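Asker: fold the following and give me the result.
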Amino acid sequence: MLKNVRRTNTCGELSADHVGQTVILQGWAQSVRDMGGVCFLDVRDRYGITQITVDQRSPQDARDSAGRVRQEYVVEVEGTVALRERPNKKIATGAIEVIATKVTTITKTEPLPFAIEGGEAHEETRLKYRFLDLRRQHLQTRLIARHKAGMAARTYLDSIGFIDVETPILNRSTPEGARDYLVPSRVHPGMWYALPQSPQIFKQILMVAGMDRYSQITKCFRDEDLRADRQPEFTQIDLEMSFPTADTVMEMAEGVANSMWQAVRGEDIGEVPRLSYAEAIARYGVDNPDVRFEMHHSTITGILAESESNVVQRGLEGGGIAKAMCVKGIQPSRKGFDKWTEFVRRYGMGGLLWAKVTDGGWTGPGSKLLSADEQAAVGAEVGAEAGDSVLIGLGQPGKVNPGLGRLRRHIAIEHDLVKSTDFGFVWIHTFPNFEWDEDNERWSSTHHPFTSPVAEHVELFGTGRESEIMSDAYDLVCNGYEIAGGSIRIHDPEIQGKVFTALGIDPEEAEQRFGFLLSALRHGAPPHGGIAFGFDRCVMLMTETDNIRDVIAFPKTTKAQDLMAEAPNVVDGEQLAELSVKNTV
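Answerer: Reported below is the predicted structural model:
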């Protein structure tokens, strides 16, 4: 520990080995208990808590000073370490106390808007006073975990030859799916910088430049609607390699994840299973499945193809599908099934066909709409037994898959089917390269336009079979969250041109938007690929919280506001005039 002019020890390190020593501690008065003749101060810093005892063994000046201390005053205490008569096993320093010989108030505090420990406050209040909120042990523990995870990732990457390279924050606008944050240029009136949604283009250029292995823990910015696991500015562990295969990148990424989980949790993530995108959708309905529990989907379109039920036949019209899943050992009330039905309607499903399985057969709507043979066949397909529930979705794949997929996780959370300390990792690979944008009636990139198609599908460009083209892309999923995503990139300018054509981007527009990358690709680009970790999400999972704001020191609200710093704020007219812009609201 670095020497301090005054402090001899932190508030978390004293033990029975220090008994009899004279020490000086500095920190915050977490609690003050005046027992009449005896005053106890719990002094806290980042490292822990130490009990200070001020009694007849202390000089009168120390007793007087202690009597004036209030919660969250910053204090300095000098005294002698002694064994406690009644040890406190709940804290690391619980075997000892410090008998004060001097108590000094360094700074006072105004009345607190909420209690630092043991009290609850609305999140907006805590974010407004984030400097107080961050004194809470659980938040400090999470930020320390974040530090350990970052250090572990850097150390691992350094050990396998990665070089940390910074990429620009001010750059040109190259939309990658979300809105850019734009910054006006004073020097070039009417022109704008964009904050990076990711360093994607620059890390590809670094491969063209011969850096071979690049890494960076970097800020990225996206102007999009927020939620509990998303922020407008977020942190990525950004990685790129030359001459890899997808297997190479995935192996490296598993090493990064393992280094972080080892540093923070002391756990090895083990061998990560792999599923193709098609397998994930068939089994789980979504491409970010939570694999910690069962309730796998079964496609039963064939079983119900000849059903005499009009409801079933309407669901199968126009390419519709039928999928079912079994909820083992759970049979909610009619009201519970109704709530599940309303849940899937959020994803466009018309409803949910359900049945309870009993020793005497099925009960509920499923027993009325399906024949006895169909019930038996569906039950056998999903492994249903007495005491289980069978849920069936009918309709277009784009609605049934996510509807049942999200319901599957909703039920698991609702009925506490997984432990918060469990970690379920899975790779999802071989995604469709393109998805149809109904609003604009054109193809868009599933990931980004620099994602390489699998080699055997290059011949499908220009044939009208773009929906069949798969990409050499991969996502790492943990507990139902995508925590990393990447792909092998396009290094051949000709293939890059085919992708742009499929996306409706003509050569002139491509040069305008991505000219410097295309120029680099024409000057000897090696095969390359990479991945980016959502660092905030990783720390969120490792520290067992479901709110990403808990692992970011100064987060934004769901309205993209910093309540403490009061950002964004109004800028005066003179500043706007310098930038050649003006407010329109």
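Asker: from what I can see residue 161 touches residue 212, true?
Answerer: Yes - assessed by Cβ atoms under 8 Å, residue 161 is found in contact with residue 212 at 7.4 Å. Bear in mind the C-beta positions are built from the backbone N, C-alpha and C, glycine included.
Asker: out of these two, which sits in the busier spot?
Answerer: Higher neighbour count among residue 161 and residue 212: residue 212, with 16 against 10, using other Cβ atoms under 10 Å.
Asker: could you count how many residues lie near the nearest residue to the more buried one once chain neighbours are set aside?
Answerer: Closest residue in space to residue 212, ignoring its immediate chain neighbours: residue 242 at 4.8 Å, by Cβ to Cβ, 6 or more residues apart in numbering. Counted with other Cβ under 10 Å, the neighbours of residue 242 add up to 20.
Asker: again with residue 208
Answerer: Residue 208 is flanked by 19 other residues according to other Cβ under 10 Å.
Asker: ok, now which ones touch the residue nearest to it when sequence neighbours are not counted?
Answerer: Spatial nearest neighbour of residue 208, chain neighbours left out: residue 520 (4.3 Å); criterion: Cβ to Cβ, 6+ apart. For residue 520, the contact set (Cβ atoms under 8 Å, 6 or more residues apart in numbering) comprises 204, 205, 208.
Asker: distance of residue 520 from residue 200?
Answerer: The gap separating residue 520 from residue 200 is 13 Å, by Cβ to Cβ, to the nearest Å.
Asker: ok, now residue 483?
Answerer: Counting by Cβ to Cβ - residue 483 and residue 200 are separated by 18 Å.
Asker: and if you look at residue 535?
Answerer: 16 Å.
Asker: check residue 79 too.
Answerer: Residue 79 is 57 Å from residue 200, by Cβ to Cβ.
Asker: quick one on the thing from earlier: ok, what's across the strand from the residue nearest to residue 212?
Answerer: Beta-bridge partners recorded for residue 242 (DSSP bridges): residue 528.
Asker: check contacts around it.
Answerer: Neighbours of residue 242 in contact, by Cβ under 8 Å, 6+ apart: 207, 210, 211, 212, 213, 526, 527, 528.
Asker: ditto for residue 582
Answerer: So residue 582 contacts 573, 576 (Cβ under 8 Å, 6+ apart).
Asker: what about it, which SS state?
Answerer: Classification of residue 582 using DSSP: H, G, I helix; E, B strand; the rest coil returns coil.
Asker: kindly report the same for residue 264.
Answerer: Quick answer, by three-state DSSP: residue 264 is helix.
Asker: could you do residue 14 as well?
Answerer: Secondary structure of residue 14, per three-state DSSP, is coil.
Asker: check contacts around it.
Answerer: Taking Cβ under 8 Å, 6+ apart, one finds 23, 50, 81, 93, 96, 98 in contact with residue 14.
Asker: closest to residue 267 among those residues?
Answerer: residue 93 (27.7 Å; Cβ to Cβ).
Asker: what's the neighbour count on the closest one?
Answerer: Count around residue 93 with other Cβ under 10 Å applied: 24.
Asker: what's near enough to touch it?
Answerer: 11, 12, 13, 14, 15, 48, 49, 50, 51.
Asker: for residue 109, same thing?
Answerer: Per Cβ under 8 Å, 6+ apart, neighbours of residue 109: 70, 71, 72, 73, 74.
Asker: how far out from the middle of the chain is the longest helix seen in the chain?
Answerer: Counting residues, the longest helix found in the chain (DSSP state H) is helix 137-159. Mean-position distance between helix 137-159 and its chain equals 15 Å (Cα atoms, centre = their mean, to the nearest Å).
Asker: what's that helix packed up against?
Answerer: strand 163-164, strand 213-221, helix 246-265, helix 535-542 (3 or more Cβ pairs under 8 Å, 6 or more residues apart in numbering; DSSP states H and E).
Asker: out of these, flag the one nearest residue 19.
Answerer: helix 246-265 (33.4 Å).
Asker: now what about that closest one, what contacts it?
Answerer: 145, 148-149, 151-153, 155-157, 160, 237, 239, 241, 244, 267-269, 272, 274, 423, 425, 427, 429, 472, 474, 476, 478, 483-484, 486-488, 529-531, 533, 538-539, 542-543.
Asker: rerun at 6 Å
Answerer: 145, 148-149, 152-153, 156, 267, 269, 272, 472, 474, 476, 484, 488, 529, 531, 542 (Cβ atoms under 6 Å, 6 or more residues apart in numbering).
Asker: the helices in the stretch 351-500 of the chain, which residues?
Answerer: Assigned by DSSP state H, counting those that start in this stretch, the stretch 351-500 of the chain shows helices spanning 365-369, 372-382, 397-414, 493-502.
Asker: deepest of those helices, which one?
Answerer: helix 397-414 (a mean of 20; mean count of other Cβ atoms under 10 Å).
Asker: CA atoms only: put it into PDB for me.
Answerer: C-alpha atoms of helix 397-414 as PDB (Å, rounded to 0.1, in the frame of the first residue of the first chain):
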ATOM      1  CA  PRO A 397     -42.900 -18.400 -37.600                       C
ATOM      2  CA  GLY A 398     -41.800 -14.800 -36.900                       C
ATOM      3  CA  LYS A 399     -44.500 -14.500 -34.200                       C
ATOM      4  CA  VAL A 400     -44.800 -18.000 -32.800                       C
ATOM      5  CA  ASN A 401     -41.000 -18.500 -32.300                       C
ATOM      6  CA  PRO A 402     -40.300 -15.300 -30.300                       C
ATOM      7  CA  GLY A 403     -43.700 -15.500 -28.500                       C
ATOM      8  CA  LEU A 404     -43.200 -19.000 -27.100                       C
ATOM      9  CA  GLY A 405     -39.400 -18.300 -26.700                       C
ATOM     10  CA  ARG A 406     -39.900 -15.300 -24.500                       C
ATOM     11  CA  LEU A 407     -42.800 -17.000 -22.600                       C
ATOM     12  CA  ARG A 408     -40.400 -19.900 -21.800                       C
ATOM     13  CA  ARG A 409     -38.000 -17.600 -20.000                       C
ATOM     14  CA  HIS A 410     -40.900 -15.700 -18.400                       C
ATOM     15  CA  ILE A 411     -42.300 -18.900 -16.900                       C
ATOM     16  CA  ALA A 412     -38.800 -19.900 -15.600                       C
ATOM     17  CA  ILE A 413     -38.400 -16.500 -13.800                       C
ATOM     18  CA  GLU A 414     -42.000 -16.500 -12.600                       C
END
